[in-house]
Every structure is written in structure tokens, then in C-alpha cells.
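In: Build me a model from this:
(4 chains)
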2 protein chains.
Amino acid sequence: MSPIIPYFQSIYPLSAASQEALAGICREIRIAKNQDLQSIGQTCKTLYFLKKGMARIYYIKDGTDVTEGFYGEFNLIARAESLFAGKPSQKGIQVLEDSELWSIDTSALTSLYEEHRDIERLFSKLFEKAYVETIQRIENLQFHAAEERYHLLEKEQPEVLKRAPLKFIASYLGITQVSLSRIRAKKS
Amino acid sequence: MSPIIPYFQSIYPLSAASQEALAGICREIRIAKNQDLQSIGQTCKTLYFLKKGMARIYYIKDGTDVTEGFYGEFNLIARAESLFAGKPSQKGIQVLEDSELWSIDTSALTSLYEEHRDIERLFSKLFEKAYVETIQRIENLQFHAAEERYHLLEKEQPEVLKRAPLKFIASYLGITQVSLSRIRAKKS
DNA sequence: ATCCTAATTTAACATTTGTTAAGTGCTTTT
DNA sequence: AAAAGCACTTAACAAATGTTAAATTAGGAT
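Out: Numbers count the residues shown, from 1 in each chain, chains lettered A, B, ... in the order given. Below you'll find the model as predicted:
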């Protein structure tokens, strides 16, 4: 069985029947570096979990590409604001390297909810987790200066610094590339 | 019946039995200006909805009081990061004026979930809403400069500017009081 | 290997925000 | 009414970040 199921089990226990039902709607997909998994303007109807690789969610604001977040292995990747509202998302999902993912169609997922309450609760928990991470990110953006935010990213997602180009990291931190370059230079 | 139930109905429809069960665990409380509804260090075990008044969630960082958010009428007020993890919260909830609220004990609430699936879904939806607002706040903090953030607050929560003291607004925007005062002065 | 392009760094200067401190006005206490 | 405390503003200067542009480096393509 796909290793995504043990991961799900670690979040919320599932009955054997639910495991099977859920495995039945998980599709494994591959996508090449720099490709969009989901484009801006599409309504979010698919959830993704990275098996291998790295992804980002981004949007265009006043003509500038802004990275909202980076996602590594086993992370839930979804544009929640679109999913919950059923509206087109202003955000896209792009992979930063050749990646393998599991994709789950949300309508197939929700149709399992009626019969499999544990699956519904599992996904509630997954979104709770994402919510809590979002709250912590606010604290980070609200309270810390740019340089501290950089060091926090270095500490919490060190792989991002190695795998993502500078421009993505800069907009993620809410600063310019030049400013980020300066901060990096200070380290030596 | 308490006007909180129609509000709940507008979020997710509830059966008559569920309405009654839920109303049965809603308590109306009053609290005086500047009092803490929940103190820092307590684990979040109660959800609140404001009937009248205004509240803020805050935390202390390096000795400084930081306002994480302002909440007005009918807003769900909860320290989600504590509730979902079952751990003590680093955050407190304070009311800015004499307020009336509904409080819901979370263990009473979750014990209704088994029998009343619509109640469980209602609260999933309420947390989804809060999650989406949090996502939007990140976009705000990440992309906009201080002055723009001020004008966004002015647009989206104008009552906050009238009802909250400057120091709370400043830390909410992630700037100093002095800087906020300067931004205000520009307006004229 | 060489060329071409994109990514990153550096520099110089402008703007924004932070820091400290003083000043003004308002409210509360006595 | 006077005094004290608090909230907010203003000023002067320091530090951080943005902007523009040039220089350097790294990677890909041929």
C-alpha cells in the first residue's frame, strides 16, 4: 500500500475499510520541474501531498510574483481559500523540482465522508494543522524584522534555502531580492 | 431563542434537535472593559462569540504586548493553536469594552459531535472561515507596506480604529506607535 | 569549450520605519 | 482646581529596507 496511508494513520486512525476507500482515490502523479500543478484562476478541486520534491503556492500582485508558502514531503498542499469558498483561486501551485505527488479529488473525498466519518475527521485534522501553521506564520511576519524572518526560515525549513531560487524566498519573506542578498552577506 | 442560533444556521443548516442541543451549551456571559476573558497560559477550552463589544487576542513577545487580532460581533474567538494541540496558549483574550458574549465549552461541544454530525460540520465550517481570514491576513502582512496595511484595516475593520487604542493597532499592524501616528498624520 | 541567459551580488542613493525623547492634551484622582 | 498618569503626537536622528543599475557568477544550450 502506498506510504501515504501510514502518514494519514499517524494523523488520525482509520478503519481498514476507510484505509482502503481512501487509498482508492489517491492517484500518484509526476510533474516536471517548474511546471504548474494548478494554475491561477482554477478552482481548487484537488488536494496534493508531496511524495518527493518541493512545491510552492504563489500569486501575482501588482504584476509581481509572490510566494505564499513552500511545501515539502508529505505536506498537504491546497488552496484552502478557494476550496472552502468554491471560488476560483488567485493562486497557483508550482513545483520547484521534478516531483512525485499523491493527488486526491475533493469531490471523491467528500463523497467518502458520509460513510467514513474517520476520513472526514482526518481531513479536518489536516486542515487544522495547516491552520495552526498559518497562525504561526502571522506571528512571524507581524513581529520579526526581515533578518529574523530569514533566520527563522533557515531554522524551520532549511531545505528551502537550498532548493528554492532567491526571488521566491525573498517574496516569501516579504522583502526584495536585494535586501535578502544583503542579509545573506552579513552571515560571513 | 438566542440570536446566536440563527447565525449558526446561516453558516451551516442544523436540525431542530441539533439547534436545541447546541443552544443548551451556549452560555451568555458579560465582562467588563479591559478584563481578560482568557489569560495567557490557560489551555483553550472555551469558544466565544461576541454578542456586543469588541475583543482582541494578544501575546507578549520579548516583553512587548502584541495584538494578534481584533474581533467584533458574531466573530468566533478561539486560540486555535492551543485548542487543536490541547496545549497551554501563549495568548490571551481581552475585551476592549464592556462586552456580552456567548461561551461554549469545547468538551461539551465535542460530545455533541457523535450524535449531531451537523454540529460537527458547522464548527468545521467556522474554523474554515477563520482559517481563510488568517490566510488573507498573511497576504496583507507579506505584501503590503505599513501604510497600506493601515488603510486596509481602515477599510475592512473601520470600527477597530475608533474603538481600539493606538498601541494595540500599531502592534497589530506590525509597526510602532510612532510610525502609526506618522501614517495617520499624512492623511490630512 | 564557448556563448548565452538567468541568478545573484554589490554599490549608491532614496525612502521608510525604528528609537529616543520631549511636548501636548485628556482623564482620573485627590 | 491641582496633580498625576495615560494616550497620542511631533521632532531629530539612526537603522533598515527599497530602488535602480551595474558587475559578477552560475548554469544551460549549442
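In: Burial check on A:Lys52, number of neighbours?
Out: For A:Lys52, the count of nearby residues is 12 (other C-beta atoms under 10 Å in any protein chain shown). Any C-beta I mention is one placed from the backbone N, CA and C, and that applies to glycine too.
In: for the one 10 residues further on, same thing?
Out: Applying the criterion other C-beta under 10 Å, we find 6 residues in the vicinity of A:Asp62.
In: so A:Lys82 is in which element?
Out: Just to correct that, residue A:82 is Ser rather than Lys. helix A:80-85 (DSSP states H and E).
In: The helix or strand following that helix pairs with which strands?
Out: Sequence-wise, the next helix or strand downstream of helix A:80-85 (DSSP H and E) is strand A:91-95. If you go by DSSP bridges, strand A:91-95 pairs up with strand A:36-38 (antiparallel), strand A:55-61 (antiparallel).
In: how much space is there between the closest residue to A:Ile175 other than its chain neighbours and DNA strand D?
Out: Leaving aside its sequence neighbours, A:Ile175 sits nearest to A:Ala146 (C-beta to C-beta, 6 or more residues apart in numbering or on different chains; 4.6 Å). Using C-beta to the nearest atom of the strand, to the nearest Å, one gets 3 Å for the distance from A:Ala146 to DNA strand D.
In: what's the angle from the longest helix seen in chain A to strand B:55-61?
Out: In chain A, taking DSSP state H as the definition, the longest helix is helix A:117-143. Here helix A:117-143 runs at 70 degrees with respect to strand B:55-61, directions being taken by axes from the mean of the first three to the mean of the last three C-alpha atoms, to 10 degrees.
In: Just the buried residues of helix A:117-143, please?
Out: For helix A:117-143, a neighbour-count test (16 or more other C-beta atoms under 10 Å in any protein chain shown) marks A:117-124, A:126-128, A:130-132, A:134-135, A:137-143 as buried.
In: Chain B next: which of the residues you listed are close?
Out: Filtering the buried residues of helix A:117-143 for neighbours of chain B using C-beta under 8 Å from any C-beta of the partner chain leaves A:117, A:124, A:127-128, A:130-132, A:134-135, A:137-139, A:141-143.
In: In these, find the pair that's most separated.
Out: Maximum pairwise distance in those, criterion C-beta to C-beta, is 38.9 Å, between A:Arg117 and A:Phe143.
In: Would you list the phi and psi of A:His116?
Out: Backbone torsions for A:His116, taken as degrees, to the nearest 10, come to phi -120, psi 90.
In: Can you verify my assumption that it contacts A:Ser18?
Out: Yes: between A:His116 and A:Ser18 there is a contact at 4.3 Å, judged by C-beta atoms under 8 Å.
In: Look up how far DNA strand C lies from A:Ala146.
Out: Relative to DNA strand C, A:Ala146 is positioned 11 Å away (C-beta to the nearest atom of the strand).
In: Mind splitting chain A into its structural domains?
Out: In terms of domains, chain A is parsed into A:4-128, A:144-188 (source: automatic domain parsing).
In: out of those, nearest to B:Lys45?
Out: Using C-beta to C-beta, the domains of chain A put domain A:4-128 closest to B:Lys45, at 15.9 Å.
In: beta partners of A:Leu76?
Out: In beta-bridge terms (that is, DSSP bridges), A:Leu76 pairs with A:Phe49.
In: do the same with A:Ile57
Out: Taking DSSP bridges as the rule, A:Ile57 bridges to A:Gly69, A:Ile93.
In: who touches it in this structure?
Out: A:Thr67, A:Glu68, A:Gly69, A:Tyr71, A:Ile77, A:Arg79, A:Lys91, A:Gly92, A:Ile93 (C-beta atoms under 8 Å, 6 or more residues apart in numbering or on different chains).
In: Closest one to DNA strand D out of these, please.
Out: Nearest to DNA strand D among the contacts of A:Ile57 is A:Thr67, at 14.0 Å by C-beta to the nearest atom of the strand.
In: With that, I have no additional questions.
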